[in-house]
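**Q** sequence below, structure please.
(2 chains)
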2 protein chains.
Amino acid sequence: MDVDAVELIAAMAERARIAAAVLATMSDSAKARGLEAAADRVRVAAADILAANAEDVAAARTAGVSAALCDRLTLDPARIAAMADAIATVATLDDPVGQVIDARTRPNGLILTRTRVPIGVIGIIYESRPNVTADAAALCVRSGNAVILRGGSEAVRSNRAIHAALVEGLAAAGLPVDAVQLVPITDRAAVGAMLAAEGAIDLIVPRGGKSLVARVQAEARVPVLAHLDGINHVYVDASADPAMAAAIVVDAKMRRTGVCGAMETLLIDRAYPHASALIAALSAARCEVRGDAAVCAMADVAAAQAADWDTEYLDAIASVAITDGVEGAMAHIARHGSHHTDAIVAEDAAVAERFLGGVDSAIVLWNASTQFADGGEFGLGAEIGIATGRLHARGPVALEGLTTYKWIGRGSGQVRG
Amino acid sequence: MDVDAVELIAAMAERARIAAAVLATMSDSAKARGLEAAADRVRVAAADILAANAEDVAAARTAGVSAALCDRLTLDPARIAAMADAIATVATLDDPVGQVIDARTRPNGLILTRTRVPIGVIGIIYESRPNVTADAAALCVRSGNAVILRGGSEAVRSNRAIHAALVEGLAAAGLPVDAVQLVPITDRAAVGAMLAAEGAIDLIVPRGGKSLVARVQAEARVPVLAHLDGINHVYVDASADPAMAAAIVVDAKMRRTGVCGAMETLLIDRAYPHASALIAALSAARCEVRGDAAVCAMADVAAAQAADWDTEYLDAIASVAITDGVEGAMAHIARHGSHHTDAIVAEDAAVAERFLGGVDSAIVLWNASTQFADGGEFGLGAEIGIATGRLHARGPVALEGLTTYKWIGRGSGQVRG
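**A** From the prediction side, this is the model:
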């Protein structure tokens, strides 16, 4: 472990803890005003941010990075305006802090409430998208948390310019400047130090590709909210409406193939009478189909290999298997799923409820596309990410997922005696 | 890592996962009947359990273990009856599984609910108290979780007898026998394998002394619900009622000195006019007082050393400091507290609310003794433990803390388009 990086992160986390203590008792409106001011400063600083970004993009081109990465890295006036608007929108969301989850008065008169409080210090580790700097900071501050941001090295100048604008706005509105800190070094040792900062950083949220998330999950001593894979299934039951099934399957796979909510595997009930038409609909939508033996017997498609059932294609490819009813589908999902999002298409409500109850995923859907797996679509306003772990928060994680609770007891001299 | 232990735990966890899937969709009444049957079998098997326990106690005496451990290990007919009653009581608690945390209908007609579900597979690591076998199993099964129990080697015969009775009862009521499994080996490698079983075991709850909890927290790759220390403070504000302050302070320290909710440090506002009387009340209750310079100047007590402020005595000893008002008390707690339970005694409501909002502990109390830190006293029925971490569950953790949630969406053909 790099001693300098460990000391740097420890010092940042200590300042963050002090800022978090201030934020924790700030009013809803004070935090909202801070974010509005931050959004304004981002708008005002647009030219500075664009200049810094141009340097990042030029350096990335010189270094020969991929066109896709350059695109993610590149800002323009519209993207900066969208970034500022997103911060302002987060300011309008309901503040979860202070919400009373439950209240009870004990026979001895002690009044107990469980009240939402911020988690404390959140670490965000992300790659080349500079807008994450603004998005993640806004969500953390809105929920009363201090945040330590560690962006990708390609975006270092952009991130510094955005961070400077954010902090200027927060400070102008009276929020602690250490509420949003950007790790000033870009070598990987800083990531290692964040992942090891047990007790100093309370939660890590990785935002980026699978290799980043995998490293974070493998190394972290700090709890992590994330998903690694979205190997999502749509199961079409014998009772499904054929038009609905085709529409949902094509949307779930093809609307956007690169999102984590995309369907990767289609499971068709052996008793479903329109399997060939369903596979044809996928092929007609320009999806490559890889089928099991039963599928290959009914359609001219490639044979799936064993690895296909465990593959997140994030592309216009779907593996398709025939299963024995809902129990067969559930067994397949239990073996190959990634606990992200799985859907059933069925008219039979009992079958659907069996699936919704029995599939162990963060999101289970009946007669709807898996592509709804998104905090905005769920009405949460914005999301910090989607989590497939079992504890604390599952599925789209928004402001509430960035809080925890404390027990508050108000008495009148009660002793246990 | 011991390969045999790793394989053993992996195989147990795989069976537990299958049992958990069955339990997850079992009805409230089926789980309750299972626990009632388990309680009955424990009563019926009392003689067998006592015989096994007598062998454990004899072996422990031969091995020269401490009298305190022998006492914790020893069962008698009354303790077995209490164990069975505790299981039957858990059967009467409300089942959190299936509770809808929130429900929303999206503009497109998609109906979303967040619904409580079991966590899955829980590992309990404990020491010599055989009743934990029954308690922990009952709480896990009631909340729909499968459990892997790893008790202390001194209690191995007792635990096997209790486990056999529990499983007999569960099986007779139609619950899966793998819902409650006892690790058959007692060497420490089994603990290491459980702590490393990321993804196979979802949550570890250590039940025992500080060295056990410290080892579990240091080594675990699986999330842990626990508390290491209960360095709890009572702050007596200038506005406190003197009689109430003395009653709460003496109860918080002396009611039971060995429990995690006991006060360890008393903080007195410099402006409180009855500090000497308060310290005298502690001394009169046979508590050893270790004071800071200001305390030593007003009472004939020992001087506290630096380490005292970070010590959980679990004994009739209290460190006492004079602070500058509530802000000074909060600064002391932020520096030395363990995020367990802290209390303020004050008549000034604004001061009290400042403390309740600003102290970052799982439980904060106003005008009540810290010794209320207990799931039963909180009206939760029973607790699996008290957690001082920030995520998932804080303070007394009962059935609800052994659940998580899933998002269930019910649609009518919605696609994102």
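**Q** pLDDT at A:Ala68, what is it?
**A** Reported pLDDT at A:Ala68 in the predicted model: 89.
**Q** for A:Asp63, what are its contacts?
**A** If you look again at residue A:63, you'll see it is Ala, not Asp. Each residue near A:Ala63 by Cβ atoms under 8 Å, 6 or more residues apart in numbering or on different chains is listed here: A:Glu154. Heads up, the C-betas are built off the backbone N, CA and C, glycines and all.
**Q** next one: it from A:Ser128, what distance?
**A** Applying Cβ to Cβ, to the nearest Å, one obtains 12 Å for the distance of A:Ala63 from A:Ser128.
**Q** before we move on, what about A:Ala19?
**A** In this structure, A:Ala19 and A:Ser128 are 27 Å apart, going by Cβ to Cβ.
**Q** likewise for A:Ala382?
**A** Distance check for A:Ala382 against A:Ser128: by Cβ to Cβ, it reads 20 Å.
**Q** tell me which of those two has more neighbours.
**A** The neighbour comparison of A:Ala382 against A:Ser128 (other Cβ atoms under 10 Å in any protein chain shown) goes to A:Ser128, with 24 against 17.
**Q** near chain B, which residues of the stretch 101-250 of chain A?
**A** By Cβ under 8 Å from any Cβ of the partner chain, the part of the stretch 101-250 of chain A that sits against chain B consists of A:104, A:106, A:110, A:112, A:117, A:119-120, A:202-203, A:223, A:241, A:244, A:247-248.
**Q** can I get those residues in CSV including neighbour count?
**A** Listed next are these as CSV, based on neighbours: other Cβ atoms under 10 Å in any protein chain shown:
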residue, neighbour count
A:Arg104, 12
A:Arg106, 16
A:Leu110, 22
A:Leu112, 23
A:Val117, 24
A:Ile119, 23
A:Gly120, 23
A:Asp202, 25
A:Leu203, 25
A:Pro223, 20
A:Asp241, 17
A:Met244, 20
A:Ala247, 18
A:Ile248, 29
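**Q** overlap in contacts, A:Ala63 and A:Ser128.
**A** Shared between the contact lists of A:Ala63 and A:Ser128 (criterion: Cβ under 8 Å, 6+ apart) are residues A:Glu154.
**Q** run through chain A and note the low-pLDDT ranges.
**A** Counting by pLDDT under 70, chain A has low-confidence residues at A:1.
**Q** in the stretch 201-350 of chain A, what residue is nearest chain B?
**A** With Cβ to the nearest Cβ as the measure, A:Asp251 is the residue of the stretch 201-350 of chain A nearest to chain B, at 3.6 Å.
**Q** show me what contacts the closest residue to that residue other than its chain neighbours?
**A** Taking Cβ to Cβ, 6 or more residues apart in numbering or on different chains, and ignoring the residues beside it in sequence, A:Asp251 has B:Val415 as its nearest neighbour in space, at 3.6 Å. The contact partners of B:Val415, taken as Cβ under 8 Å, 6+ apart, are A:247-248, A:251-252, A:255, A:368-369, A:371.
**Q** now swap in A:Val295 and tell me
**A** Shown in contact with A:Val295 (Cβ under 8 Å, 6+ apart): A:268, A:275, A:279, A:289, A:301, A:304, A:320-322.
**Q** let's see that with 7 Å instead.
**A** A:Val295 sits next to A:279, A:301, A:320-322 when contact means Cβ atoms under 7 Å, 6 or more residues apart in numbering or on different chains.
**Q** CA atoms of stretch A:312-328 as PDB?
**A** Taking Å, rounded to 0.1, in the frame of the first residue of the first chain, the C-alpha atoms of stretch A:312-328 are listed here in PDB:
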ATOM      1  CA  GLU A 312     -23.700 -10.300 -20.400                       C
ATOM      2  CA  TYR A 313     -23.500  -9.400 -24.100                       C
ATOM      3  CA  LEU A 314     -24.400  -5.700 -23.900                       C
ATOM      4  CA  ASP A 315     -24.900  -6.100 -27.600                       C
ATOM      5  CA  ALA A 316     -27.500  -7.200 -30.100                       C
ATOM      6  CA  ILE A 317     -27.200 -10.900 -29.100                       C
ATOM      7  CA  ALA A 318     -29.600 -13.000 -27.100                       C
ATOM      8  CA  SER A 319     -29.300 -16.500 -25.800                       C
ATOM      9  CA  VAL A 320     -32.700 -18.300 -25.900                       C
ATOM     10  CA  ALA A 321     -33.700 -21.500 -24.000                       C
ATOM     11  CA  ILE A 322     -36.900 -23.500 -23.700                       C
ATOM     12  CA  THR A 323     -37.800 -24.200 -20.100                       C
ATOM     13  CA  ASP A 324     -40.300 -26.400 -18.400                       C
ATOM     14  CA  GLY A 325     -42.700 -23.800 -17.200                       C
ATOM     15  CA  VAL A 326     -42.100 -21.200 -14.500                       C
ATOM     16  CA  GLU A 327     -40.300 -23.600 -12.200                       C
ATOM     17  CA  GLY A 328     -37.800 -24.400 -15.000                       C
END
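**Q** show me what secondary structure element comes after the helix or strand containing A:Asp342.
**A** When secondary structure is defined by DSSP states H and E, A:Asp342 falls within strand A:341-345. Next helix or strand after strand A:341-345 toward the C-terminus (DSSP H and E): helix A:349-358.
**Q** buried ones in that following helix?
**A** By neighbour count on 16 or more other Cβ atoms under 10 Å in any protein chain shown, the buried set for helix A:349-358 is A:351-358.
**Q** which residue sits closest to A:Ala5, ignoring its sequence neighbours?
**A** Nearest non-adjacent residue to A:Ala5, counting by Cβ to Cβ, 6+ apart: A:Ala189, 3.8 Å away.
**Q** correct me if wrong: that neighbour contacts A:Glu7.
**A** No - with contact defined as Cβ atoms under 7 Å, A:Ala189 does not reach A:Glu7; the gap is 11.0 Å.
**Q** who has more neighbours, these two?
**A** Taking other Cβ under 10 Å, A:Ala189 and A:Glu7 do not tie; A:Ala189 has more neighbours (17 against 11).
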